[in-house]
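Visitor: Generate a structure from the sequence data that follows.
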Amino acid sequence: MEMEELPAARMIEGVGIEGDRYATGRGTYSYKPHEDRQCTLIEMETLDALRRDHGLTLEPHESRRNLTTQGVPLNHLVGRHFRVGEVVLFGGRLNVPCKYLDDLLGRPLFNPLLNRSGLNCRIIKGGTIRPGDVIEPV
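Guide: So this is what the prediction gives:
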């Protein structure tokens with residue numbers, strides 16, 4: 001399914017994003033559920049580095065991540081609780097890139113995204129998030 005930018009999203013504690021294909025069990029990897037994949041984040045800085053260092057364009061919606069951050073080093077949030085607006089997330093583990101994205105977009109993204117493919121999170125306290133919400137430690 002195509003990704004779409006939302007003006008707000010309701011995060012459901014222990015489940016995922018309301019209406020998201022993984023929260024409803026219709027996503028590509030839904031048959032392999034994991035509590036740390038309820039929400040995924042990627043840094044805008046990573047997308048900029050792909051363009052600068054590899055000549056590859058990857059727009060935020062093409063990354064297949066739920067949230068695109070800026071100015072927040074996501075690797076530092078592994079194993080930590082943090083707030084995005086009114087929502088509390090737990091940074092469970094770094095995301096591992098997969099060849100599915102290469103195949104879907106027809107671009108060699110797997111290797112350039114190694115160790116910088118984003119953060120898989122668990123939703124600890126649900127609520128609504130909006131673009132521009134601040135990310136801060138809890």
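Visitor: and residue 42, bridged to which residues?
Guide: Beta bridges link residue 42 to residue 68 when assigned by DSSP bridges.
Visitor: Do I have it right that it meets residue 62?
Guide: No - Residue 42 is beyond contact range of residue 62, at 10.4 Å (criterion: Cβ atoms under 8 Å). For every residue, glycine as well, the C-beta is placed using N, CA and C.
Visitor: The two: which has the busier surroundings?
Guide: Neighbours were counted for residue 42 and for residue 62 using other Cβ atoms under 10 Å; residue 42 has more, 23 against 16.
Visitor: State the distance from that one to residue 125.
Guide: Residue 42 sits 22 Å away from residue 125 when distances are taken as Cβ to Cβ, to the nearest Å.
Visitor: And the strands in the protein?
Guide: For the chain, the strands defined by DSSP state E occupy 9-12, 16-17, 39-43, 67-69, 81-84, 87-94, 119-125, 127-129, 135-137.
Visitor: So which elements touch the fourth one?
Guide: Think strand 67-69. strand 39-43, helix 44-54 (3 or more Cβ pairs under 8 Å, 6 or more residues apart in numbering; DSSP states H and E).
Visitor: let's see 10 Å
Guide: In terms of contacts (3 or more Cβ pairs under 10 Å, 6 or more residues apart in numbering; DSSP states H and E), strand 67-69 is packed against strand 39-43, helix 44-54, strand 119-125.
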